[in-house]
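Colleague: For reference, the sequence and a predicted model appear below.
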Amino acid sequence: MSSEKSPKEMNGDHSSTGGRRPEADVEEARSTLLGDSPSRGREATARDEKRIKDSFMAKACNLAFCSVGLLASYLTWGFVQEVIMTITYDGEKFPSSTFVVFSNRLLALLVAAALVYGPSLRPGNATRPKAPLVQFAPCSFSNVLSSWAQYECLKYISFPMQVVSKSCKVIPVMLVGKFVHHKSYPWIEYIEAVGITVGVSMFSLNESSAKDDEDARQTQFFGLLLVAMYLTCDSFTSQWQDRIFQTYKIDQYQMMLGINMFSIFFTTVALLWSGELFSSIAFVMDHPVALKHLATLSITSATGQLFIFYTIKNFGPIIFTIIMTCRQMFSLVISTLWFGHVLGLLSLLGTTVVFGTLGYRIKRKYDGRAR
């Protein structure tokens, strides 16, 4: 008997399998195991669609959570801000805007310290800011000044006027960027800045024409100077924060901690220097309603900061800007209805110009990101 194999034997006799090669059987088995069959493909497609749908719903719910959190925090904060600075408590006005800033920063400091140093809240994260503490001093000082000016201006102008005027924030940002950082801006941004300025001017002129005497007009002018101070200091604060973020490896909670540490120092010195610290403490102890308002303001300010960080981290600055622009409009409506502010035709037109320009600006930036 010959030991040599025939070509048929060497290549394998496939007659028992209907002429199919063993490799085909292996491929079929592999396809079945890996889900490459048509039925498996349909199942995989269905699973993918369900996963996409679940992901979309989760993102939509998260966005709704951010929107509700920001609106609830800052609508309440804006309303209580106007209450504290404009009403009287048993015939007395709240004695110190600086003490309001101090109270806000004190609670924010406690929250930031818990987030940075609380091991149960931030496991595995660094517990010490990696930036020198002195780096937080300049933006903390400007932040205190901007907050003080924001509260103080309500003694001289209406809350709607404050809201509309704060929309001019883009102008000092561009000025600082142009003359300090030598940035160049497209012509459309200058047109937007002019549009916002025109709208605010229309609103201001309408309120000014409603004043009967020169003293009232001078009072309003001083209020607008405080708004300008707020805008300038706030612009410096944000740009200095950007510089720290780019230079040192810190997160937003460490930034919050560093700024509020110096804010407490600056406001405490100012309160002791002016003699307002103990008189303000005595005032809130004598007026429990004022203490409740101050606590509400501090809580909503702290929660608002957390929602800002969370929203920007998850959805970016454009979505955050859209939400906050809506908040400004809602705040203006609530203040007008609750406190009885009268908005003339020119004020309404100016408001439309301002928020229309802001809306176009947001859309333009969103379209630019989408390309």
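Modeller: Here it is on my side, so go on. Note that the coordinates shown come from a computational prediction; the quantities given were computed from them, not determined experimentally. Numbers count the residues shown, from 1 in each chain.
Colleague: switch to C-alpha atoms for all contacts and neighbour counts from now on
Modeller: OK.
Colleague: which residues in this structure form helices?
Modeller: 7-11, 22-34, 38-86, 97-117, 137-152, 159-166, 170-179, 187-209, 214-247, 252-274, 276-286, 288-339, 345-370 (DSSP state H).
Colleague: Quick check: mean pLDDT of the second one?
Modeller: The reference is to helix 22-34. For helix 22-34, mean pLDDT is 51.
Colleague: Surely residue 307 touches residue 66?
Modeller: Yes: between residue 307 and residue 66 there is a contact under C-alpha atoms under 8 Å: 6.4 Å.
Colleague: TSV please, covering the helices of the chain and showing mean neighbour count and distance to residue 131.
Modeller: Below are those laid out as TSV (neighbours: other C-alpha atoms under 10 Å; distance: least, C-alpha to C-alpha, whole Å):
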stretch	mean neighbour count	distance to residue 131
helix 7-11	9	73
helix 22-34	12	51
helix 38-86	16	29
helix 97-117	21	14
helix 137-152	22	12
helix 159-166	22	31
helix 170-179	16	24
helix 187-209	18	34
helix 214-247	18	8
helix 252-274	19	9
helix 276-286	15	31
helix 288-339	17	19
helix 345-370	16	31
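Colleague: Residue 130: which of these is closest?
Modeller: Nearest of these to residue 130, taken as C-alpha to C-alpha: helix 252-274 at 8.7 Å.
Colleague: Tell me which other helices or strands the closest one touches.
Modeller: Under the contact definition 3 or more C-alpha pairs under 8 Å, 6 or more residues apart in numbering; DSSP states H and E, helix 252-274 sits against helix 97-117, helix 137-152.
Colleague: Pull the residues that contact that helix.
Modeller: Residues from elsewhere that reach helix 252-274, judged by C-alpha atoms under 8 Å, 6 or more residues apart in numbering: 98-99, 101-102, 105-106, 108-109, 112-113, 115-116, 128-129, 133, 136-137, 139-141, 143-144, 241, 277, 309.
Colleague: The same query, at a cut-off of 6 Å, please.
Modeller: 102, 105, 109, 112, 129, 136-137, 140, 277 (C-alpha atoms under 6 Å, 6 or more residues apart in numbering).
Colleague: Flag whichever of the helices of the chain has the least confidence on average.
Modeller: helix 7-11 (a mean of 46).
Colleague: Relative to residue 151, how far out is the residue positioned nearest the centre of the chain?
Modeller: For the chain, the residue nearest the mean C-alpha position is residue 308 (3.4 Å; C-alpha atoms, centre = their mean). Distance from residue 308 to residue 151, counting by C-alpha to C-alpha, to the nearest Å: 20 Å.
Colleague: ok, now residue 345?
Modeller: The value you get for residue 345 to residue 151, if C-alpha to C-alpha is used, is 27 Å.
Colleague: I'm done for today, thanks for sticking with me.
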